[in-house]
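Asker: Everything below, folded, please.
(one chain, ligands or ions: 2)
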Amino acid sequence: MTSAPESPVDPPLALLAELTHRCPLRCPYCSNPLALAGRSTELTTEVWLDVFAQAGRLGILQVHLSGGEPAARRDLEALVAGARSAGLYTNLITSGLLLDRARLERLRQAGLDHVQLSVQDSEPCGADRIAGFQGAHERKLAIAADIRAVGLPLTLNVVVHRHNIARVPELIDLALALDAARLEVAHAQYYGWGLANRAALLPTRAQLEAATAIVTQARERLKGRLAIDYVPPDYYARRPKACMGGWGRRFVAVAPDGAILPCHAARTIPGLEFPDVRQTSLADAWQHAAAFTHFRGTGWMREPCRSCNRREIDWGGCRCQALALAGAADVVDPACSLSPLHETLVAVAEGESASPPPAFRYRSLSEGPKIA
Ligand code: SF4
Ligand code: FES
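Answerer: Numbers count the residues shown, from 1 in each chain. Ligands and ions are numbered 1, 2, ... in the order given. Here you go, the predicted structure:
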């Protein structure tokens, strides 16, 4: 692929450090790619520490320590300490299953600033079925209490879909009961495992509208007590979201095997080469690599985006979704009503969400293609 013309760009706001793809849970909407990276390909502690030091020098403000399950890395405490001493605000995105109070205390002492804990539902049966792990929910409730007991701020994250969307009120109550400062209600996004399970997960439009109304009312009612973030699903939208805040504008991700990526799904786009953090600096990749410059800004756009007055608001939507649904990464995201494919997408959403849900295809390291 050829690159768009370069001009100096601001540094990214945040680094998404995907420390590992290993995870005890098997959620069917996992944002990891279908081709998961095996343990033998993971970066060493030293390389990650260097990445964090580079991120600090580049002017990045925050690191999201993510996975898979980042606590599957035995060196997590050392990584947190390294990120903190590089001047980064450290956020741990976790299922909680590999944590206990002693480890949380060590992480806090190492400089951890914040924990984002996922729950799959408000009731154990449904939650464990989604997670593909018996007893997961009960352990998550215990770890949420431990997070608060060691003095760490807590955000509760729940991915919503047709199997749990009716319990948004109970999920809000759960966030309050667990003393979370923030609740993120994020509709499942349909890439990777989510796309493979779309027909099992998509809610109906009526379910979506009911959940949106509940969140809107709760935001007002709980102002000052619980902040609620809401990520709507693309399939019923009229305009797409600015995926990652725009390609190569706010986020840089480093995959477990060292690939430097503009988003977690970017590797699905053929023709782009992603630099390896062991060979290319974060600054160099961000500023010059075609993987970042190619879809940065508006130069790559075709109509209808090229002449649209939202082109610098949503940046044409999501490149990976355009590829997955329209077969090309450089066309308007079909989530946009100006896409010629939009009506087809809505019909797919309405058809799939009204049909009986198929069985989940659970996330699995052993299934499907694997990065060595
Ligand atoms: Fe956004 Fe392109 Fe749709 Fe305009 S045409 S709203 S820029 S996706
Ligand atoms: Fe890659 Fe949206 S997930 S651009």
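Asker: what are the ranges of the strands in the stretch 151-300 of the chain?
Answerer: 154-160, 182-187, 227-231, 251-254, 260-261 (DSSP state E, counting those that start in this stretch).
Asker: Report the contact partners of residue 286.
Answerer: Each residue near residue 286 by CB atoms under 8 Å, 6 or more residues apart in numbering is listed here: 9, 11-12, 58, 248, 252, 292. Glycine gets a C-beta too; all of them are placed from N, C-alpha and C.
Asker: So which of those reach ligand 2?
Answerer: Counting by CB under 6 Å from any ligand atom, nothing from those sits close to ligand 2.
Asker: Over to residue 16. Which of the three states is it?
Answerer: The three-state label given to residue 16 by DSSP: H, G, I helix; E, B strand; the rest coil is strand.
Asker: Got the confidence number for it?
Answerer: For residue 16, the model assigns a pLDDT of 98.
Asker: so what's the residue in the chain sticking out farthest from the centre up against?
Answerer: Residue farthest from the centre of the chain, counting by CA atoms, centre = their mean, is residue 307 at 29.8 Å. Shown in contact with residue 307 (CB under 8 Å, 6+ apart): no residues.
Asker: Begin at 30 from now on, thanks
Answerer: Let's use 30 as the start, then, which means that last one is residue 336.
Asker: Distance of it relative to ligand 2?
Answerer: Per CB to the nearest ligand atom, to the nearest Å, residue 336 is found 21 Å from ligand 2.
Asker: can you list the residues of this structure near ligand 1?
Answerer: 268-269, 333-334, 337, 339-340, 343, 345-346, 361-362, 365, 367.
Asker: What residues does the stretch 80-229 of the chain have near ligand 2?
Answerer: residue 220.
Asker: no no, the stretch 230-379 of the chain
Answerer: Taking CB under 6 Å from any ligand atom as the contact definition, the stretch 230-379 of the chain meets ligand 2 at 272-273, 276, 292, 294-295, 347-350.
Asker: Next, give phi and psi for the residue of the stretch 30-179 of the chain found nearest ligand 2.
Answerer: Here the stretch 30-179 of the chain gets closest to ligand 2 at one residue, residue 60, 8.4 Å apart by CB to the nearest ligand atom. Main-chain torsions, residue 60, degrees, to the nearest 10: phi -80, psi -10.
Asker: surely it meets residue 293?
Answerer: Yes - applying CB atoms under 8 Å as the test, residue 60 and residue 293 come out as touching, 5.5 Å apart.
Asker: that older thread, now the residues of the chain next to ligand 1 in JSON lines, with secondary structure and neighbour count?
Answerer: Output for those, formatted as JSON lines (DSSP: H, G, I helix; E, B strand; the rest coil; neighbours: other CB atoms under 10 Å):
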{"residue": "268", "secondary structure": "coil", "neighbour count": "16"}
{"residue": "269", "secondary structure": "coil", "neighbour count": "24"}
{"residue": "333", "secondary structure": "coil", "neighbour count": "17"}
{"residue": "334", "secondary structure": "helix", "neighbour count": "22"}
{"residue": "337", "secondary structure": "coil", "neighbour count": "18"}
{"residue": "339", "secondary structure": "coil", "neighbour count": "16"}
{"residue": "340", "secondary structure": "coil", "neighbour count": "15"}
{"residue": "343", "secondary structure": "coil", "neighbour count": "20"}
{"residue": "345", "secondary structure": "coil", "neighbour count": "29"}
{"residue": "346", "secondary structure": "coil", "neighbour count": "24"}
{"residue": "361", "secondary structure": "coil", "neighbour count": "25"}
{"residue": "362", "secondary structure": "coil", "neighbour count": "30"}
{"residue": "365", "secondary structure": "coil", "neighbour count": "23"}
{"residue": "367", "secondary structure": "coil", "neighbour count": "16"}
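Asker: Who are the contact partners of residue 325?
Answerer: Contacts of residue 325 by CB under 8 Å, 6+ apart are 33, 38, 275-278.
Asker: quick one: residue 250 and residue 202, what's the gap?
Answerer: 12 Å (CB to CB, to the nearest Å).
Asker: Mind checking the pLDDT average for the one helix or strand residue 121 maps to?
Answerer: In this assignment (DSSP states H and E), residue 121 forms part of strand 118-123. Regarding strand 118-123, the rounded mean pLDDT is 98.
Asker: And stretch 133-146, by the same measure?
Answerer: 98.
Asker: So what's the gap between that stretch and the chain middle?
Answerer: Counting by CA atoms, centre = their mean, to the nearest Å, stretch 133-146 is centred 20 Å from the centre of its parent chain.
Asker: Buried ones in that stretch, by neighbour count?
Answerer: 133, 136-137, 139-146 (16 or more other CB atoms under 10 Å).
Asker: Pick the one among those closest to ligand 1.
Answerer: Once CB to the nearest ligand atom is applied, the member of those that ends up nearest ligand 1 is residue 145, at 28.5 Å.
Asker: any idea how far residue 176 lies from residue 213?
Answerer: In terms of CB to CB, residue 176 sits 15 Å off from residue 213.
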